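In: predicted coordinates and the sequence they were generated for:
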Amino acid sequence: MSDSAKIQLNKFELDSRIITGSENEKGFDITKLRPTTGHITLDPGYGNTGACMSDITFIDGEKGILRYRGYPIEQLAEKCKFTEICYLLLYGELPNSNQQELFSQKIKKEQNIHEDMKRFFDGFPITAHPMAILSAMVTSLSAYHSDTDITNPDKIDNDIIRLLGKVKSFAAFSYRKSHGLPFIYPQPELNYVENFLHMMFSDAQENYETDPILAEALNLLLILHADHEQNCSTSTVRMVGSSQANLHATISAGISALWGPLHGGANQRVIEMLEQIRDDGGDYKKYVNMAKDKNSDYKLFGFGHRVYKNYDPRAKVISQAAERVLKALNVDDPLMDIAKNLEHIALNDNYFVQRKLYPNVDFYSGIIYKAMGIPTNMFTVMFALGRLPGWLSHWREMITDPKSKINRPRQIYTGPILRNVKPVGDR
Ligand code: CMC
């Protein structure tokens with residue numbers, strides 16, 4: 001939907017359309033700004049910049065709302081399996097049981113990796129971070145599969161399904177590698193989540209008995225991470241994919257973007273922070289004060305969000321799940337108490353209240369992963385596994401949009417003005 005508007009910018013007047021989204025979000029169309037005025041916009045961090053229009057995910061950060069394809073995250077988390085969410089994000093509708101069965105079968109067919117690729121794992125040191133292994137393995141798939149024919153919807157679909165099948169195996173193998181354990185192959189009778197747990201935790205002598213509490217918790221976490229519109233890693237996927245780079249390299253770029261501690265890497269940092277507070281005698285107030293101190297660059301990981309200026313709806317679901325899982329597993333984790341104390345302080349302290357800094361998705365997720373026996377350095381890999389269908393859905397939305405262009409922002413140049421080169425001896 002569009003309306004017209006006149007934007008007055010200093011001495012310039014620009015005829016602009018106002019673009020209105022299905023939830024009444026509004027944006028100025030400034031595609032004619034530079035041709036008309038010779039000026040560009042400057043928006044470091046892109047807080048005011050819409051890079052695309054998208055049908056996939058809706059967030060209202062002020063109200064703390066998150067919906068995939070119109071469905072509230074709370075309902076999806078309660079009622080769905082992760083593979084149903086993958087289907088929903090990719091195809092726009094929740095699958096019926098036949099569609100779901102067929103889709104799961106297709107993913108299962110792709111979950112084995114080329115035998116040669118298993119040898120790649122030998123080349124990594126045992127200390128390698130599993131995110132380094134994951135991004136390298138995903139980009140290596142480009143060596144085994146030709147570039148996606150983006151004019152062929154079936155080929156696009158095959159490439160997407162391949163990644164949904166194989167990334168899970170790479171993730172589990174990266175864990176096995178870093179623990180010096182033999183690789184465990186997926187089993188066809190297990191579903192996506194059960195298979196992942198089997199590939200992580202079975203050993204050569206004994207198959208891992210899936211604990212339904214853990215399977216349910218993992219399913220929930222994957223769903224809550226599955227998409228989050230134009231976040232840093234998804235924008236990276238759109239950026240890299242916009243040059244028509246092949247899909248594996250594109251997703252690998254998304255994985256690398258996710259790794260950063262301000263984004264998906266925050267879940268690892270949260271547990272490290274909670275452990276540091278525990279080892280420091282539990283004095284959490286000291287750390288809150290450090291985070292508030294403008295002379296220190298310390299921050300509380302797991303707090304704050306660019307879009308949510310209200311409680312992150314994912315964090316709400318995860319904090320309740322963390323309580324449930326710890327209770328069901330009879331785990332008494334002192335980190336949970338420290339986390340709750342930090343949250344309480346933060347929600348009542350002026351510094352956090354004024355800046356609208358609430359716990360985000362990464363704040364409680366690590367406590368659940370830890371209780372499941374997943375090591376800290378695997379937390380961001382778990383995030384990547386969850387976010388994969390979101391990246392794939394955005395990539396396909398972009399690549400199949402006939403109006404899609406290579407992403408190429410401009411800049412305001414601030415370097416030296418024209419000068420002449422002197423021969424090396426005269427410098
Ligand atoms: N602890 C202490 N102060 C904070 C924090 C924090 N975690 N987050 C933001 N602030 C302060 C910040 O210093 C600034 O203060 P002032 O206005 O006095 O300069 C104000 O709050 C606004 O913050 P900002 O850095 O301008 O906000 P942003 O939108 O650029 O950054 C963020 C968002 C998530 C990167 C940031 O809040 C942060 O670094 N949080 C910790 C890392 C984290 O948990 N990341 C996971 C994000 S959610 C999952 C995901 O997207 O992957």
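Out: Arrived safely. Residues are numbered from 1 along each chain as shown.
In: contacts and neighbour counts: CA atoms only from here.
Out: OK.
In: residue boundaries of the helices in the stretch 51-200 of the chain?
Out: With DSSP state H, counting those that start in this stretch as the criterion, the stretch 51-200 of the chain has helices at 73-79, 82-91, 97-109, 115-120, 130-140, 153-178, 192-201.
In: does the helix or strand following the last one come close to the ligand?
Out: Scanning forward in sequence from helix 192-201, with DSSP states H and E defining helices and strands, the next element found is helix 212-225. No. Contact check for helix 212-225 against the ligand, using Cα under 6 Å from any ligand atom: none in range, with a minimum separation of 8.8 Å.
In: ditto for stretch 35-55
Out: No. Using Cα under 6 Å from any ligand atom, stretch 35-55 stays clear of the ligand, with a minimum separation of 7.1 Å.
In: quick one: pLDDT of the residue lying closest to residue 187 once chain neighbours are set aside?
Out: When the adjacent residues along the chain are set aside, residue 187 lies closest to residue 195, with 6.5 Å between them (Cα to Cα, 6 or more residues apart in numbering). The score at residue 195 is 95. That number is its pLDDT.
In: what about the stretch 1-150 of the chain, any weak spots by pLDDT?
Out: Filtered on pLDDT under 70, the stretch 1-150 of the chain yields the residue ranges 1-2.
In: again, only using 50
Out: Within the stretch 1-150 of the chain, no stretch has pLDDT under 50.
In: how about it: which residue is closest to the ligand?
Out: Minimum separation of the stretch 1-150 of the chain from the ligand (Cα to the nearest ligand atom) falls at residue 45, amounting to 7.1 Å.
In: interface residues of the stretch 301-427 of the chain facing the ligand?
Out: 301-306, 355, 360-362.
In: so which of those is the most crowded?
Out: Most neighbours among these, by other Cα atoms under 10 Å: residue 302, with 30 neighbours.
In: any chance you could map the strands in the stretch 201-350 of the chain?
Out: With DSSP state E, counting those that start in this stretch, there are no strands along the stretch 201-350 of the chain.
In: still on that earlier bit, can you redo the helices of the stretch 51-200 of the chain as CSV with distance to residue 310 and mean neighbour count?
Out: Formatted as CSV, the helices of the stretch 51-200 of the chain follow (distance: least, Cα to Cα, whole Å; neighbours: other Cα atoms under 10 Å):
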stretch, distance to residue 310, mean neighbour count
helix 73-79, 15, 16
helix 82-91, 25, 22
helix 97-109, 34, 15
helix 115-120, 44, 11
helix 130-140, 30, 22
helix 153-178, 32, 21
helix 192-201, 31, 23
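In: distance to residue 56 added to the ones you listed, as TSV?
Out: Formatted as TSV, the helices of the stretch 51-200 of the chain follow (distance: least, Cα to Cα, whole Å):
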stretch	distance to residue 56
helix 73-79	13
helix 82-91	6
helix 97-109	19
helix 115-120	33
helix 130-140	24
helix 153-178	16
helix 192-201	23
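In: can I get these in JSON lines with distance to the ligand?
Out: Formatted as JSON lines, the helices of the stretch 51-200 of the chain follow (distance: least, Cα to the nearest ligand atom, whole Å):
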{"stretch": "helix 73-79", "distance to the ligand": "15"}
{"stretch": "helix 82-91", "distance to the ligand": "18"}
{"stretch": "helix 97-109", "distance to the ligand": "26"}
{"stretch": "helix 115-120", "distance to the ligand": "28"}
{"stretch": "helix 130-140", "distance to the ligand": "15"}
{"stretch": "helix 153-178", "distance to the ligand": "18"}
{"stretch": "helix 192-201", "distance to the ligand": "22"}
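In: out of the ones you listed, nearest to residue 385?
Out: helix 153-178 (6.6 Å; Cα to Cα).
In: residue 297: how many residues sit nearby?
Out: 9.
In: again with residue 124
Out: Neighbours around residue 124, by other Cα under 10 Å: 16.
In: go on, residue 31?
Out: Neighbour tally, residue 31, other Cα under 10 Å: 11.
In: okay, domains of this structure per the record?
Out: 2-65, 72-262, 266-371 (automatic domain parsing).
In: got the contact list for residue 203?
Out: 182, 184 (Cα atoms under 8 Å, 6 or more residues apart in numbering).
In: excluding its backbone neighbours, what's nearest residue 201?
Out: In space, and not counting its chain neighbours, residue 201 is closest to residue 208: 5.9 Å by Cα to Cα, 6+ apart.
In: quick check, the residue in the stretch 151-300 of the chain closest to the ligand?
Out: For the stretch 151-300 of the chain and the ligand, the shortest gap (Cα to the nearest ligand atom) falls at residue 263, measuring 3.3 Å.
In: nearest residue to that residue other than its sequence neighbours?
Out: Counting by Cα to Cα, 6+ apart, residue 232 is the residue found nearest to residue 263 once chain neighbours are left out, at 7.3 Å.
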